[in-house]
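In: Below are the sequence and a predicted model; questions follow.
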Amino acid sequence: MPRFIKRSALAAAALLAGVAACTYNEELGRSQLLISGESSMAQAAQASWNQIKQQQRVSNDPRYTSRVNRVAPKLIQAAGDNPAKWEVLVFEDQSLNAFALPGGKIGIHTGILDLMQNDAQLAAVVGHEIAHVKYRHSGERYSQNIVASGLIGVASVAAGMGCDGTAAERRSCEQRAGVAVQALGLGAIYGAILPYSRKHELEADTGGVRYMARAGYDSCEAIRFWQRMQAASAGQARPPEFASTHPASQTRIDNLRQVVRKQGRSC
């Protein structure tokens, strides 16, 4: 690997580690890199939310909506927010999924609602999504991508500048530099961006359990829900944990056990 690329990789790692000290989040207990403000992220999310509502069917089935409308406001209040400022919708989709967008938007698929046994399990999922918004995970993820792509772009431009000699030697050098830049890109994805995303998921799990406990729900049901998710996902093809933006179910269950134990509960 050319020395320039080695230095670029080290500089990238150092910068990605150092810039995270920009903003300290009291509730999370750690620093965050946040390039974009909350209002601009919320505006972009609103456009995405409108598009999702056009592309996916919103459910009006009271079997789903009554449960969500009963549980979600309690969790939002437990997180210190006004439920009137949030929009929580059910989408007719059999996948086991729920999602959140900046600005207080939460979507829950009917498939994951069918898997839930009680309101407390729904509270665990809603609390998880609220935590993503409250912890500004989308803004942090966006900022990390901006930094990583910027560093890789600089390395790509500069990689060929250190190549000299005959035409054949330059071509060989530039090819090696190109491979090195690709390696730097993969290093940014696997070494910095994806682990942060898995960290976000575990943080949201932790925050969700706190919110559901404040709202009066049994936090042990978060563990039971993820055990059901684990069973429902058994045998499905999925990437290995190190190459996934979501932690494996057992990792989440173990993390939740620790959080619940700190609440003085034993499940």
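Out: All right, it came through fine.

In: Apart from its chain neighbours, what residue comes closest to residue 255?
Out: residue 202 (5.2 Å; Cβ to Cβ, 6 or more residues apart in numbering). All C-beta atoms are positioned from the backbone trio N, CA, C, and that covers glycine.

In: now residue 214
Out: residue 78 (3.9 Å).

In: contacting residues for that neighbour?
Out: Contacts for residue 78 were tallied using Cβ atoms under 8 Å, 6 or more residues apart in numbering; they are 127, 211, 212, 214, 215.

In: Helices - which of those residues land there?
Out: Those of those mapping onto helices are 127, 211, 212, 214, per DSSP state H.

In: just to revisit the earlier point, how near is the residue nearest to residue 214 to residue 213?
Out: Note on residue 78: its distance to residue 213, by Cβ to Cβ, to the nearest Å, is 8 Å.

In: is it fair to say the residue nearest to residue 255 lies in a strand?
Out: No. Assessed with DSSP: H, G, I helix; E, B strand; the rest coil, residue 202 is helix; it does not lie in a strand.

In: Let me know whether it touches residue 256 as I believe.
Out: No. Using Cβ atoms under 8 Å, residue 202 makes no contact with residue 256, being 9.1 Å away.

In: So between these two, which is more surrounded?
Out: residue 256 (25 against 17; other Cβ atoms under 10 Å).

In: wait, doesn't the more buried one sit right on residue 222?
Out: Yes. Judged on Cβ under 8 Å, residue 256 makes contact with residue 222 at a distance of 5.3 Å.

In: top of the contacts of residue 78 by neighbour count?
Out: Counting neighbours by other Cβ under 10 Å, residue 127 leads the contacts of residue 78 with 32 neighbours.

In: how close does it sit to residue 58?
Out: 22 Å.

In: which residues do residue 256 and residue 222 both contact?
Out: Common neighbours of residue 256 and residue 222, using Cβ under 8 Å, 6+ apart, are 205, 209.

In: about what we covered before: let me have the contacts of residue 78 in JSON lines, adding distance to residue 121 as columns.
Out: Below are the contacts of residue 78 laid out as JSON lines (distance: Cβ to Cβ, whole Å):
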{"residue": "127", "distance to residue 121": "11"}
{"residue": "211", "distance to residue 121": "14"}
{"residue": "212", "distance to residue 121": "9"}
{"residue": "214", "distance to residue 121": "17"}
{"residue": "215", "distance to residue 121": "13"}
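
In: Now the nearest residue to residue 108 once chain neighbours are set aside: phi and psi?
Out: Nearest non-adjacent residue to residue 108, counting by Cβ to Cβ, 6+ apart: residue 98, 4.5 Å away. Per-residue torsions, residue 98: phi -150, psi 160 (degrees, to the nearest 10).

In: ok, now residue 105?
Out: phi -120, psi 130.

In: And for the nearest residue to it once chain neighbours are set aside, the neighbour number?
Out: In space, and not counting its chain neighbours, residue 105 is closest to residue 49: 4.7 Å by Cβ to Cβ, 6+ apart. Look at residue 49: counted by other Cβ under 10 Å, it has 20 neighbours.

In: Which secondary structure state does residue 49 sit in?
Out: Per three-state DSSP, residue 49 ends up helix.

In: Distance-wise, check it relative to residue 99.
Out: 10 Å.

In: same deal with residue 79?
Out: To residue 99, residue 79 is 17 Å away according to Cβ to Cβ.

In: And the helices in the stretch 151-267 of the chain?
Out: Secondary structure of the stretch 151-267 of the chain (DSSP state H, counting those that start in this stretch): helices at 167-188, 194-214, 220-233, 249-262.

In: who touches residue 126 in this structure?
Out: Applying Cβ under 8 Å, 6+ apart, we find residue 126 in contact with 68, 71, 72, 75, 88, 98, 106, 108, 208.

In: same check, this time on residue 132
Out: For residue 132, the contacting residues are 100, 138, 200, 204, by Cβ under 8 Å, 6+ apart.
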